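A.B. asks: Sequence and predicted structure are below.
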Amino acid sequence: MTDRLGHKQTAALFTLMVLAREVENPELESIVGFRLDGKERRQLNDLNLVASWKRGRLFAHELTERGWAWCEDEMRAGEPAPTSVRSTLASAMYVVLGGLEEYLQRKNLRLADVFAPEVKMAAEDVESRIRAAYGKLARAPRDWVGLAELRAELGNVPVADVDAALKELSRSRQAHLVPESNQKTLTAADREAAIRIGGEDNHLLSIEAS
């Protein structure tokens, strides 16, 4: 891991991590109260943790792949880097970050899975992904497939886009959504993946052959 950084640079890196996009100095200042300039910017650029470039007279910054990895390592540190001033709020933040890091490890997720902005997909693309995922999971034509398994197979397709596509497939009678008849068999994942239509939660999907 790269050597620990000062609190200001660490704050800049974590802010860029959460925003997960290009950020100009005025916006950064409005969020954390400072601009990333001078030797602090140059050090982060030299360490290849942050990429910076000029937009007119303003600097813009974005976290690099190495910067994402640094943030993951820093979350495991458990406490802020030593300084002459120790903030109780900063210490508490590292407790929260450590808990988040443990959760990511349990779920086999990366930081980018949490903070990367979702990209809106075309409805046709989402439907195609749903049909492809269903085809992999169904053991026979028109077989019933659990929505929890379907969503896991779809990966990072936005939940709202999947729900909209499933509702449209149901309305057009190209697919059927029904509740699990034996509610006692439902897991927490099944309940979380359910889609509510007609006042009831539906857990199973069957798609008509195209």
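C.D. replies: Here it is on my side, so go on.

A.B. asks: Pick out the residue closest to the middle of the chain.
C.D. replies: Residue closest to the average C-alpha location in the chain (Cα atoms, centre = their mean): residue 114, at 2.2 Å.

A.B. asks: Contacts only, for it.
C.D. replies: Taking Cβ atoms under 8 Å, 6 or more residues apart in numbering, we find residue 114 in contact with 100, 104. The way it works is simple: take the backbone N, C-alpha and C, and place the C-beta from them, glycine included.

A.B. asks: switch the cut-off to 10 Å
C.D. replies: Residue 114 makes contact with 17, 18, 20, 100, 103, 104, 107, according to Cβ atoms under 10 Å, 6 or more residues apart in numbering.

A.B. asks: CA atoms only for the helix or strand of the chain with the lowest mean pLDDT - export them in PDB, please.
C.D. replies: Least confident helix or strand of the chain, by mean pLDDT, DSSP states H and E, is helix 111-115 with a mean of 83. The C-alpha coordinates for helix 111-115 follow below in PDB (Å, rounded to 0.1, in the frame of the first residue of the first chain):
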ATOM      1  CA  LEU A 111     -15.900   0.100  -4.200                       C
ATOM      2  CA  ALA A 112     -16.800   0.900  -7.800                       C
ATOM      3  CA  ASP A 113     -19.800  -1.400  -7.600                       C
ATOM      4  CA  VAL A 114     -21.200   0.900  -4.800                       C
ATOM      5  CA  PHE A 115     -20.200   4.300  -6.000                       C
END
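
A.B. asks: Now, of the contacts of residue 114, which are buried?
C.D. replies: 17, 20, 104 (16 or more other Cβ atoms under 10 Å).

A.B. asks: Can you tell me the closest non-neighbouring residue to the second one?
C.D. replies: Right, the one you point to is residue 20. Spatial nearest neighbour of residue 20, excluding adjacent residues (Cβ to Cβ, 6 or more residues apart in numbering): residue 115 at 4.5 Å.

A.B. asks: Verify the stated contact: the one you found with residue 72.
C.D. replies: No - using Cβ atoms under 10 Å as the test, residue 115 is too far from residue 72 to be in contact (11.5 Å).

A.B. asks: Mind listing the shared neighbours of the two?
C.D. replies: In contact with both residue 115 and residue 72: residue 17, using Cβ under 10 Å, 6+ apart.

A.B. asks: What ranges does the chain have for its helices?
C.D. replies: 7-19, 25-32, 38-46, 65-75, 88-107, 111-115, 123-137, 147-154, 159-171, 188-193 (DSSP state H).

A.B. asks: Which other helices and strands does the fifth one contact?
C.D. replies: Contacts of helix 88-107 with other secondary structure elements, assessed using 3 or more Cβ pairs under 10 Å, 6 or more residues apart in numbering; DSSP states H and E, are made with helix 7-19, helix 65-75, helix 111-115.

A.B. asks: that older thread, which of the helices of the chain comes out lowest on mean pLDDT?
C.D. replies: Lowest mean pLDDT of the helices of the chain: helix 111-115, a mean of 83.

A.B. asks: Was I right to think residue 64 contacts residue 46?
C.D. replies: No - Residue 64 is beyond contact range of residue 46, at 11.8 Å (criterion: Cβ under 10 Å).
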